[in-house]
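Visitor: fold the following, please.
(one chain, ligands or ions: 1)
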Amino acid sequence: MRIVSGIQPTGNLHLGNYLGAIRNWVRMQDDIESHGGQCLFFLADLHAISMPHDPAELAANTLEMVAALVACGIDPDRSILFNQAQVPAHSELQWLLNGTARMGWLNRMTQFKDKSGKNREGASIALFTYPVLQAADVLLYQATHVPVGEDQKQHLELARDIAQKFNNDFCPVDAPVFTLPDPIIPPDAARIMSLRDGSAKMSKSDPSDMSRINLTDDADTVMQKVRKARTDPEVLPSEAAGLEGRPEAANLVGIYAAMAGTGVDDVLKDFAGEGFGKFKPALGELLVEKLSPINERFVELKQDREQLDAILAKGALKARDLGAPTLDAAYKALGLVRG
Ligand code: TYM
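Guide: Residues are numbered from 1 along each chain as shown. Predicted structure coming up:
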């Protein structure tokens, strides 16, 4: 098993990232020794330049995100933790894959449509071709499994299509260059929604900070955000089916279940017939209890610039070695002569 996944270092880690992806990264890292595999987790800083950004902020956020991931339980001695910018093979492989990816495939990517919005003509080329870089990110390391939230499923399918076409077009049947990766999407927290709008995913790019719980929020802020979360006037039902058509209520109960490590029906057993006046404080307290140890570790680690730099340097060294054979094979398969 080779597990590879990434996160953009744009702003804080929020609850959607944590429940949708990072918690799975930590679980997979902790199990991997018994499977005899390897985990690579990276900061997708090259992806972050596809949207307008402030260079000083990107640099600071990259280091903060390392601190946040380590605080969540990613162990840089067991997993390879690095940023793309220190491993040029990501960009190189993207260019090689640009020859295989089709315009029609990229045109179907919903994230490009969402992020470019009405300003399609003004969007960067990087925003359009970003899914090819994402394919390079995982194919470079022969990833077998990619733990992500549901919003990344389409990008992973594209990575598989690119790998398959490249293997078909340029490799002997018995010697493909690329492995087709499988997404791993957590069934209980595939898509955590905004606290202000049950139809929008919780996201770093939402202008309202009240829409998300950041892993760096202190206890008072968490309690306040949960108290102000949008809900409906109904009481909670006794089983999951009763949450249909109530996206905000379903989201809050789903968050509770994911944080408590139980099912939605179990949560509803305890809260059936109760209003949000009772449920919200319980949810806030559960979040504070689970997130405060992460918060404390994060605050401590982010001061230690030397350690954060060292983690990234060590991770990049290992990632470069691991990616080199696949990059070489891709150049060779395409007939590119390199001394
Ligand atoms: P990013 O930085 O937007 O998100 C990082 C991870 O968090 C998950 N996630 C969510 N899960 C559930 N509910 C939510 N509301 C929610 N918001 C975010 C995402 O699915 C993701 O797993 N393009 C990627 C980063 C990337 C990548 C890769 C991932 C670059 N290369 C290669 C996997 C493999 C992104 O922008 O994720």
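
Visitor: would you mind listing what in the stretch 101-250 of the chain touches the ligand?
Guide: Applying CB under 6 Å from any ligand atom, one finds that the stretch 101-250 of the chain approaches the ligand through 134, 137-138, 146, 148-149, 151-152, 191-192, 201-203. All C-beta atoms are positioned from the backbone trio N, CA, C, and that covers glycine.

Visitor: which of those sit farthest apart?
Guide: Val138 and Met202 (23.7 Å; CB to CB).

Visitor: quick one: contacts of the helix or strand bottoming out on mean pLDDT in the chain?
Guide: Between all helices and strands in the chain, the lowest mean by mean pLDDT, DSSP states H and E belongs to helix 23-35, at a mean of 89. Outside helix 23-35, the residues within contact range by CB atoms under 8 Å, 6 or more residues apart in numbering are 1, 3, 5, 38-39, 41, 69, 72-75, 78-79, 145, 147, 184, 186, 189.

Visitor: now, the residues you listed that are in strands?
Guide: 3, 5, 38-39, 41, 145, 147, 184 (DSSP state E).

Visitor: what's the distance between Ala329 and the ligand?
Guide: Going from Ala329 to the ligand by CB to the nearest ligand atom, to the nearest Å gives 20 Å.

Visitor: got a list of what the residue of the stretch 51-200 of the chain found nearest the ligand touches?
Guide: Ranking the residues of the stretch 51-200 of the chain by distance to the ligand (CB to the nearest ligand atom) places Gly149 first, at 2.3 Å. When contacts are counted by CB under 8 Å, 6+ apart, Gly149 touches 16-17, 20-21, 185-186, 189-192.

Visitor: any chance of CSV for those, columns pLDDT and neighbour count?
Guide: Output for those, formatted as CSV (pLDDT from 0 to 100; neighbours: other CB atoms under 10 Å):
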residue, pLDDT, neighbour count
Gly16, 95, 23
Asn17, 94, 25
Gly20, 92, 26
Ala21, 92, 25
Ile185, 94, 20
Pro186, 89, 18
Ala189, 82, 22
Ala190, 85, 16
Arg191, 93, 16
Ile192, 97, 24
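
Visitor: taking those one by one, which sit in helices?
Guide: Residues of the contacts of Gly149 located in helices (DSSP state H): 16-17.

Visitor: what about Leu317, neighbour count?
Guide: If you count neighbours by other CB atoms under 10 Å, Leu317 ends up with 14.

Visitor: what secondary structure does it sit in?
Guide: Three-state call for Leu317 (DSSP: H, G, I helix; E, B strand; the rest coil): helix.

Visitor: what's the answer for Asp321, then?
Guide: helix.

Visitor: again, but for Phe82
Guide: strand.

Visitor: that one: neighbour count?
Guide: 25.

Visitor: sorry, back to before: for the ones in strands among the contacts of helix 23-35, give me a markdown table that also has neighbour count and distance to Ile49.
Guide: A markdown table is the format used below for those (neighbours: other CB atoms under 10 Å; distance: CB to CB, whole Å):
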| residue | neighbour count | distance to Ile49 |
| --- | --- | --- |
| Ile3 | 26 | 26 |
| Ser5 | 25 | 20 |
| Gln38 | 21 | 28 |
| Cys39 | 24 | 25 |
| Phe41 | 25 | 20 |
| His145 | 20 | 27 |
| Pro147 | 24 | 24 |
| Ile184 | 18 | 27 |
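
Visitor: farthest pair in the residues you listed?
Guide: Farthest apart among these - using CB to CB - are Gln38 and Ile184, which lie 15.1 Å from each other.

Visitor: about what we covered before: which pLDDT value goes with the residue of the stretch 51-200 of the chain closest to the ligand?
Guide: pLDDT recorded at Gly149 is 93.

Visitor: where does pLDDT dip in the stretch 1-150 of the chain?
Guide: In the prediction, the stretch 1-150 of the chain carries no residues with pLDDT under 70.

Visitor: cutoff 80 now
Guide: Counting by pLDDT under 80, the ranges of the stretch 1-150 of the chain that qualify are 11, 33-35.

Visitor: tell me which of the residues of the stretch 101-250 of the chain next to the ligand fall in strands.
Guide: Filtering those for strands - DSSP E - leaves Val146.
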